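1. Sequence first, predicted coordinates after that:
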Amino acid sequence: MTGEVLVIGVAGGTGSGKTTLTKALASRFDGDVTVVEHDAYYKSHADLPFEERVKLNFDAPEAFDTDLMVEQINALVAGRGVECPTYDYARHTRAKETVYLPPNKIIIVEGILIFAEKSICDLCDIKLFVDTDADVRILRRLKRDLVDRGRSLESVEAQYLATVKPMHELYVEPSKRQADIIIPEGGTNLVALDMLFHRIERHFAQLQD
């Protein structure tokens with residue numbers, strides 16, 4: 001354990017339900033949770049023309065500035081707020097804006113590839129892997145990219161076949177072995193959620209003894 005601060009890692013394939021699970025935890029422990037998303041730490045490619053940025057592999061560990069993420073998680077655990085980067089998915093590069101993340105009792109680290117990175121695994125007190133069928137995940141990703149991220153159907157399909165699927169098989173699926181708990185269907189699994197709630201509540205109760 002990192003002490004009074006509880007660091008929870010939430011991993012799983014694209015569209016698996018990681019965000020739903022994270023929101024359920026944040027809602028239960030309202031005001032005590034800060035969420036750190038791996039996606040916010042995509043490296044900046046402002047030096048490349050858009051046509052080149054589109055071709056990059058965004059589904060491999062080297063696509064992320066993980067060193068910065070680890071540095072900022074450590075700062076949060078130490079009680080210091082951070083200016084988290086943001087990412088422009090339509091332009092495929094880091095945005096100029098940052099978002100302030102406050103320190104908190106619970107730090108949730110969410111991302112597809114977080115368990116493929118030992119430096120992130122080592123920071124997590126509890127490691128959760130959300131496991132969902134591939135057909136469900138691709139439908140969710142398709143809806144998200146088309147509606148929320150302004151992508152075209154052709155670009156989503158091309159990216160899925162070129163990098164998302166092969167990188168899932170190469171990095172994401174094997175990283176499941178790092179998890180403490182594998183949760184089918186994520187935030188809709190009420191039994192798993194109830195167990196998690198009690199585990200977290202017990203942690204804070206022990207701190208008060």
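-> Here it is on my side, so go on.

2. drop to CA atoms for contacts and neighbour counts, all remaining ones
-> Noted.

3. any low-confidence regions in this protein?
-> Across the chain, the ranges flagged by pLDDT under 70 are 1-3, 133-138, 140-141, 147-150, 162, 186, 209.

4. can you pull out the strands in it?
-> 6-12, 33-37, 82-88, 93-101, 106-110, 126-131, 181-184 (DSSP state E).

5. then the last one to CSV, C-alphas only?
-> What follows is the C-alpha trace of strand 181-184 in CSV, where atoms were taken according to Å, rounded to 0.1, in the frame of the first residue of the first chain:
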residue,chain,number,x,y,z
ILE,A,181,-9.2,-9.0,-10.0
ILE,A,182,-10.7,-9.6,-13.5
ILE,A,183,-14.2,-8.1,-13.8
PRO,A,184,-16.5,-9.3,-16.6
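
6. Residues contacting it, please?
-> For strand 181-184, the surrounding residues in contact (CA atoms under 8 Å, 6 or more residues apart in numbering) are 127-132, 176, 189, 192.

7. Ok, which of the strands of the chain comes nearest residue 156?
-> Ranking these by their distance to residue 156 (criterion: CA to CA) puts strand 82-88 first, at 15.7 Å.

8. re earlier: of the strands of the chain, which is nearest residue 170?
-> Comparing the strands of the chain by CA to CA, strand 6-12 comes nearest, at 13.1 Å.

9. Which strands border the closest one, and is each parallel or antiparallel?
-> Strand 6-12 has these partner strands in its sheet, going by DSSP bridges: strand 106-110 (parallel), strand 126-131 (parallel).

10. mind putting the ones you listed in a markdown table, mean neighbour count included?
-> Formatted as a markdown table, the strands paired with strand 6-12 follow (neighbours: other CA atoms under 10 Å):
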| stretch | mean neighbour count |
| --- | --- |
| strand 106-110 | 23 |
| strand 126-131 | 24 |
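
11. Any idea how many residues pack against residue 15?
-> Neighbours of residue 15 under the rule other CA atoms under 10 Å: 24.

12. follow-up on the earlier one: and the strands of the chain as a markdown table, adding distance to residue 157?
-> As requested, the strands of the chain are exported to a markdown table (distance: least, CA to CA, whole Å):
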| stretch | distance to residue 157 |
| --- | --- |
| strand 6-12 | 20 |
| strand 33-37 | 24 |
| strand 82-88 | 19 |
| strand 93-101 | 20 |
| strand 106-110 | 24 |
| strand 126-131 | 22 |
| strand 181-184 | 25 |
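
13. Please identify the deepest-packed of these.
-> Counting by mean count of other CA atoms under 10 Å, strand 6-12 has the highest mean neighbour count of these, with a mean of 26.

14. on that earlier part again, please name whichever of the strands of the chain is nearest to residue 58.
-> Going by CA to CA, the one of the strands of the chain nearest residue 58 is strand 93-101, 10.6 Å.

15. Packing partners of the closest one?
-> Packed against strand 93-101 by the contact rule (3 or more CA pairs under 8 Å, 6 or more residues apart in numbering; DSSP states H and E) you find strand 82-88.

16. Give me the distance from the strand it packs on to the chain's centre.
-> Put simply, strand 82-88 sits 14 Å off its chain's centre (CA atoms, centre = their mean, to the nearest Å).

17. what lines up beside it in the sheet?
-> Paired neighbours of strand 82-88 in the sheet (DSSP bridges): strand 93-101 (antiparallel).

18. Perfect, I'm done here.
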